[in-house]
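S.K.: got a predicted structure plus its sequence, pasted below:
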Amino acid sequence: MKFFRETGIIFRRQLRLTLREPQWIVIGLLQPALYLVLFGPLLEPLSRQLGAANAYTLFVPGLLVQLAVFGALFVGFGLIGEYRDGVIEAERVTPASRTALLLGRVLKDMLQMAIQGAILIGLGFAFGLRGSAVGIIVGFILAVVLTGSIAAAGYALALTVKTEDALAAVANGVSLPLILLSGILLPMSIAPLWLQRVSDLVPVKHIVTGIRDLFTGDIFSWGPFWAIFWTIILVVAGVWIGTRTFRRQNA
């Protein structure tokens, strides 16, 4: 019970900090709509060539993962400000669980992603998305859980580099290859064979492919299995790395 109470305290504090910056809330809510409006129509003529009966069944799952990964990669900017103000050290001298210090923040990021993702899927239906209801729900849950794993690693990265400039450089350096190799916007099946083999080494690619299969109703195939497998692996790794970093006295 003590662990859950500590996690709840951190979660509520982080949520209050987010709600105090309404401009970021508006931007976060508008982002999914902008992606659909600006990129969705470009994929409609290509959907049949890409083997998809519906362009948005192909596009929305990729956007879900993009929101999960790239939103979570940059969560550390707020943590760096807290570190500079002494908030992190003040929390670490308390008897609170280091995992609770991390998890409370991660849960806030997962909630934010869940709201954005729900808006994205709702708008997707308005634009013409059609798919399996069960598959869409499972894919949505996977994307939210993936947010937690990336956010945990993002907080660990922030406490490691400790400056916004360094964090921006690393996050941007990771995001560009990731968006290309994971097939978020376009499936890797249209890429050259050598590039497909490279992308096979990127776990996020298998998650994107699995969520796309779920959206089309292909629930019991290997795609969703590997998506769930790699999501679990990334969650375990992210929480372990994040907790370990919060425990370091000189982080």
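M.R.: Cool, got the structure.

S.K.: residue 11 against residue 100, yeah?
M.R.: No: between residue 11 and residue 100 no contact is recorded; they are 9.3 Å apart, counting by C-beta atoms under 8 Å. All C-beta atoms are positioned from the backbone trio N, CA, C, and that covers glycine.

S.K.: look at the two and report which has more neighbours.
M.R.: Neighbour comparison, residue 11 and residue 100: the larger count goes to residue 100, with 22 against 19 (by other C-beta atoms under 10 Å).

S.K.: the more buried one - nearest residue in space that isn't next to it in sequence?
M.R.: residue 6 (3.8 Å; C-beta to C-beta, 6 or more residues apart in numbering).

S.K.: neighbours around that neighbour, how many?
M.R.: Taking other C-beta under 10 Å as the criterion, the count of residues near residue 6 is 21.

S.K.: isn't it right up against residue 104?
M.R.: Yes: between residue 6 and residue 104 there is a contact at 7.4 Å, judged by C-beta under 8 Å.

S.K.: and the worst-scoring helix or strand of the chain on mean pLDDT, what's buried?
M.R.: Per-element confidence for the chain was summarised using mean pLDDT, DSSP states H and E. The lowest value among helices and strands belongs to helix 22-43, with a mean of 73. By neighbour count on 16 or more other C-beta atoms under 10 Å, the buried set for helix 22-43 is 28, 31, 32, 33, 35, 36, 40, 43.

S.K.: residue 105 touches residue 9, doesn't it?
M.R.: No: using C-beta under 8 Å as the test, residue 105 is too far from residue 9 to be in contact (11.4 Å).

S.K.: re the thing from before, what packs against the following helix or strand past the least confident helix or strand of the chain?
M.R.: On the C-terminal side of helix 22-43, the closest following helix or strand by DSSP states H and E is helix 55-73. For helix 55-73, the contact count by 3 or more C-beta pairs under 8 Å, 6 or more residues apart in numbering; DSSP states H and E identifies helix 22-43, helix 98-127, helix 133-161, helix 164-181, helix 203-215 as packing neighbours.

S.K.: got those helices as TSV, with distance to residue 63 columns?
M.R.: Listed next are those as TSV, based on distance: least, C-beta to C-beta, whole Å:
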stretch	distance to residue 63
helix 22-43	5
helix 98-127	6
helix 133-161	9
helix 164-181	11
helix 203-215	10
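
S.K.: mean neighbour count, those helices: which tops it?
M.R.: helix 203-215 (a mean of 26; mean count of other C-beta atoms under 10 Å).

S.K.: which element follows it toward the C-terminus?
M.R.: The helix or strand immediately downstream of helix 203-215 is helix 222-247, counting by DSSP H and E.

S.K.: flag every buried residue along that next one.
M.R.: Within helix 222-247, judged by 16+ other C-beta under 10 Å, the buried ones are 223-224, 226-228, 230-231, 234-235, 238-239, 241-243, 245-246.

S.K.: for the stretch 101-250 of the chain, give me the ranges with low pLDDT.
M.R.: 249-250 (pLDDT under 70).

S.K.: can you give me every residue that contacts residue 182?
M.R.: Neighbouring residues of residue 182 by C-beta atoms under 8 Å, 6 or more residues apart in numbering: 65, 69, 188, 199, 202, 204, 205, 207, 208.

S.K.: for the residues you listed, work out which two are farthest apart.
M.R.: Across these, the two members that end up farthest from each other (C-beta to C-beta) are 69 and 188, 15.8 Å apart.
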